[in-house]
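Undergrad: please find the sequence and the predicted model below.
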Amino acid sequence: SEESADEILNGIACWGDSLTYGYNGDGTSYPAVLQSSISANISKAIKVVNLGACGEDSITIAGRNGGIPYTAAEDTVIKKNTSEDLILKIRSKSGKAVSPSLYNDIGINPCHIDGVEGTLSIAETGNPDSDYIFRRKSPGSEVNVTDGDQIVTAASEEYRNYYPLIFIGTNGGYDDYDDLIEQQNSMITEDQRKSGHFLIIGITCGSDEEMSDYDNVMEKEYGENYFNLRSYMVNNGLQAAGISADSHDEKNIAAGIVPHSLRSDDVHFNKTRYE
């Protein structure tokens, strides 16, 4: 017999930054809208998880996913007692700088370093150059941490096999589009790639002219698994929302820019657009 949707899908993991989190959405996010739609029309058993963290760049999100893990950036020691916090410098396994939990902790904790469970938090909120604080959950033996040892996040263990919706890159974090593709691919398991059970959601900033190369590269790499959200919003967004275009919207649409009536600023969506 044919499998039902909830038998095929462990769940859906929405990986991203503030655009996935729902910043400026008055409490509305696209993962929440997606959950409501799936529960009403497909299955109440399919869980949609919002893994959007404000301010994070692509390589930081790939680290939360576990595709390109975070690592310790120095030799240090996890002390025996839970009261002795470890001040830790971290980076991506790729060598790039990362800044998880910049504004909110999404999918990091509880994490593990060399088998020790604990919590990782940023020492200075909003500072991408900040050190991190690791606090072990339970007392135990001292553990030597070596430069390059991996930090295993909660999300990488719990949601790695969920159907991934990957909406990253707006905040940078990659050298070029090939680098971004490498990061995105790291977030997709081999089984997901073979089955086609993943979706890359395109960056929504910019115009047709500015984003032409990006769109071509993504379409070539992912085919029908690439969703050009910017183009959809330009051509269909106002109609889907039941909004009549004003002169500002018309000027945006002519340039291939998401209409201002669907934005709260140059980057972020408004409640209507998240819906």
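TA: Looks like it arrived, so ask away.
Undergrad: any idea where the helices of this protein begin and end?
TA: Along the chain, the segments classed as helices by DSSP state H run 5-8, 18-21, 30-41, 58-65, 154-158, 177-186, 190-195, 208-222, 229-232, 238-241, 247-255, 271-274.
Undergrad: among those helices, which is nearest Leu120?
TA: Closest to Leu120 of the helices of the chain, according to Cβ to Cβ: helix 154-158, at 9.9 Å. Heads up, the C-betas are built off the backbone N, CA and C, glycines and all.
Undergrad: ok, Val143 - contacts?
TA: Residues near Val143 by Cβ atoms under 8 Å, 6 or more residues apart in numbering: Val77, Ile78, Ile113, Asp114, Gly115, Val116.
Undergrad: contacts for stretch 257-275?
TA: 18-19, 22-30, 33, 170, 204-207, 230, 233-234, 237-238, 241, 243, 245-246, 248-249, 252-253.
Undergrad: of those residues, buried ones?
TA: For those, a burial check counting by 16 or more other Cβ atoms under 10 Å picks out 18-19, 22-25, 28-30, 170, 204-206, 230, 233-234, 237-238, 245, 249, 252-253.
Undergrad: show me what counts as buried in the helix or strand of the chain with the lowest mean pLDDT.
TA: When each helix and strand of the chain is scored by mean pLDDT, DSSP states H and E, helix 5-8 comes last, with a mean of 75. Using 16+ other Cβ under 10 Å as the test for burial, helix 5-8 gives no buried residues.
Undergrad: how deep is the nearest residue to Ile38 once chain neighbours are set aside tucked in, by neighbour count?
TA: Distances taken as Cβ to Cβ, 6 or more residues apart in numbering place Ile46 nearest to Ile38, at 5.2 Å, with adjacent residues excluded. Neighbour count of Ile46, defined by other Cβ atoms under 10 Å: 20.
Undergrad: Lys220 versus Ile46, what's the distance?
TA: 30 Å (Cβ to Cβ, to the nearest Å).
Undergrad: Cys111 now?
TA: Distance of Cys111 to Lys220, computed by Cβ to Cβ: 36 Å.
Undergrad: these two: which has the busier surroundings?
TA: Taking other Cβ under 10 Å, Cys111 and Lys220 do not tie; Cys111 has more neighbours (23 against 10).
Undergrad: the more buried one reaches Ala154, doesn't it?
TA: Yes - if you go by Cβ atoms under 8 Å, Cys111 and Ala154 touch, sitting 6.2 Å apart.
Undergrad: got any residues that touch both of these two?
TA: Between them, Cys111 and Ala154 share no contacting residue, judged by Cβ under 8 Å, 6+ apart.
Undergrad: one step back: what's the least confident helix or strand of the chain packed up against?
TA: Counting contacts by 3 or more Cβ pairs under 8 Å, 6 or more residues apart in numbering; DSSP states H and E, helix 5-8 is packed against no other helix or strand.
Undergrad: who touches that helix?
TA: If you take Cβ under 8 Å, 6+ apart as the criterion, helix 5-8 is touched by Ile42, Ser43, Ala45, Ile46, His197.
Undergrad: state the distance from Ala255 to Met211.
TA: Taking Cβ to Cβ, one finds Ala255 at 11 Å from Met211.
Undergrad: actually Ala53, sorry about that
TA: Taken as Cβ to Cβ, the span from Ala53 to Met211 is 24 Å.
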